[in-house]
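[1] Sequence and computational prediction follow.
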Amino acid sequence: MTERRKALLMLDYQVALCEEGPHLRMPPLAAQVAERGVLETARTVLEAARAAGWLVVHVRLAFDPSYVLRTNRLARFDAYPDQQAMLADSPEAQIVAAVAPAPGEPVVDKGCVDPFVGTPLLNVLAAEGVGEVVLGGVATNLVVESAARHASDAGLQVTVVEDMCASFRPDFHEFSVQNMLPMFATITSSDALLKDLA
């Protein structure tokens, strides 16, 4: 039997969510990203995954100007069309430079929290022979948890790299890591993952 390939899913490491500056939309989240050193950790894991030959897929929240492709129609998502926010070509929607996609690495645009809803992500993973996904991203209790739930239900093995993740508050992150994510994924650290890759 052919060994299934691994994929690293880089989830929502975007300027508006992670970077202090004029395009920041979520200051509490960016503060936790900085405090936890998430971008540095994510960069280290990303480089190791590339060296190991894993498929790397970047996922971001990004909209076309019509916002019709937005799949989440809850009131809290209304701010995006109302403010013409997170347009695909805007600075705020871009992936931060520290973990920017390399040539040939796909970027999946989504219109909701879950990276699998309304996107070709699951089909791409299947076509590439992926059997295990390794997740890192922000926020832990939103995109990471949604991705872990969906991927595990779809038959994939799921690993979450805890120190590649952050949420708006430390207790949100901790609750997700300790209580929710273990139901859908193996939780690991970047050090443990890198040791396995060495």
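    Ah, there it is. Numbering: from 1, shown residues only.
[2] tell me the average confidence for the helix ranked longest in the chain?
    The longest helix of the chain (DSSP state H) is helix 38-52. Averaging pLDDT along helix 38-52 gives 98.
[3] What residues of it count as buried?
    Within helix 38-52, the residues that count as buried by 16 or more other CB atoms under 10 Å are Val38, Leu39, Thr41, Ala42, Arg43, Thr44, Val45, Leu46, Ala48, Ala49. From N, CA and C alone the C-beta is placed, and that goes for glycine too.
[4] contact partners of the helix or strand just after it?
    Using DSSP states H and E, the helix or strand that follows helix 38-52 in sequence is strand 55-61. For strand 55-61, the external contacting residues (CB atoms under 8 Å, 6 or more residues apart in numbering) are 5-14, 46, 49-50, 86, 93-95, 99, 101-102, 105-111, 115, 119, 121, 124-125, 128, 130, 137, 143, 147.
[5] Can you flag the buried ones in the residues you listed?
    Among those, those buried by neighbour count (16+ other CB under 10 Å) are 6-14, 46, 49, 86, 93-95, 99, 108-111, 115, 119, 121, 125, 130, 137, 143, 147.
[6] any idea which helix or strand carries Leu194?
    Per DSSP H and E: helix 190-197 holds Leu194.
[7] meant to ask about Ser146, not that
    Element membership for Ser146, per DSSP H and E: helix 145-153.
[8] got the buried residues for that helix?
    Under the neighbour-count criterion of 16+ other CB under 10 Å, helix 145-153 has Glu145, Ser146, Ala147, Ala148, Arg149, His150, Ala151 buried.
[9] Can you add pLDDT and give the residues you listed back as CSV?
    Below are the buried residues of helix 145-153 laid out as CSV (pLDDT from 0 to 100):
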residue, pLDDT
Glu145, 98
Ser146, 98
Ala147, 98
Ala148, 98
Arg149, 98
His150, 98
Ala151, 98
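[10] which two in those are spaced the farthest apart?
    Longest distance between any two of the buried residues of helix 145-153 is 10.9 Å, between Glu145 and Ala151; criterion CB to CB.
[11] between the two, what contacts are shared?
    In contact with both Glu145 and Ala151: Phe184, using CB under 8 Å, 6+ apart.
[12] all strands of the protein, in order?
    For the chain, the strands defined by DSSP state E cover 5-11, 55-61, 107-110, 130-137, 157-161, 186-188.
[13] Tabulate the CA atom coordinates of the first one in CSV.
    By that I understand strand 5-11. The C-alpha coordinates for strand 5-11 follow below in CSV (Å, rounded to 0.1, in the frame of the first residue of the first chain):
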residue,chain,number,x,y,z
ARG,A,5,1.3,12.1,1.8
LYS,A,6,1.2,14.8,4.5
ALA,A,7,0.1,18.3,4.0
LEU,A,8,0.7,21.4,6.1
LEU,A,9,-2.3,23.7,6.2
MET,A,10,-1.4,27.3,7.0
LEU,A,11,-4.6,28.8,8.2
